[in-house]
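Engineer: Sequence and predicted structure below; questions after.
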Amino acid sequence: MVNRWRGEVALVLDGERRVMKLTLGALAELEEALGADTLVALVERFEAGRFSTRDVLALLLAGLRGGGWPGDARALARAEIAGGPMAGARAAAELLARAFALPEEAGA
């Protein structure tokens, strides 16, 4: 079960439902993966619809890792996401929004 109040988002990866969450450690991993980019820049790209596949993969990987998934970037790149790339992009955007939403906003 996904707990929206904790910022969790579900993703079906290779036929298995996974819970993603951007923990503090996952956010640090995401910042490192983005290099010189900031999380603010990432949020702005998603809000403007200008995100890249790299952004989506980095977000999904950080969220999966925050949810306890032991895989790595190579495993994620080879994995099948139920609903395809657009479902992955939607899940990444939702994950990012929930990570920075106030509790009143998370339920909306």
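Structural biologist: Now that the structure is in, tell me what you want to look at.
Engineer: low-confidence ranges in this structure?
Structural biologist: Within the chain, the segments meeting pLDDT under 70 span 36-37, 102-108.
Engineer: all strands for this structure, in order.
Structural biologist: 9-13, 16-20 (DSSP state E).
Engineer: now the angle from the last one to strand 9-13?
Structural biologist: When you say that, I think you mean strand 16-20. 150 degrees (axes from the mean of the first three to the mean of the last three CA atoms, to 10 degrees).
Engineer: Strand 16-20 pairs with which strands?
Structural biologist: Strands adjacent to strand 16-20 in the sheet, as given by DSSP bridges, are strand 9-13 (antiparallel).
Engineer: Buried residues in the strand it pairs with, which are they?
Structural biologist: Of the residues in strand 9-13, 9, 11, 13 count as buried by neighbour count, 16 or more other CB atoms under 10 Å. Using the backbone N, CA and C atoms, a C-beta is placed for each residue, glycine as well.
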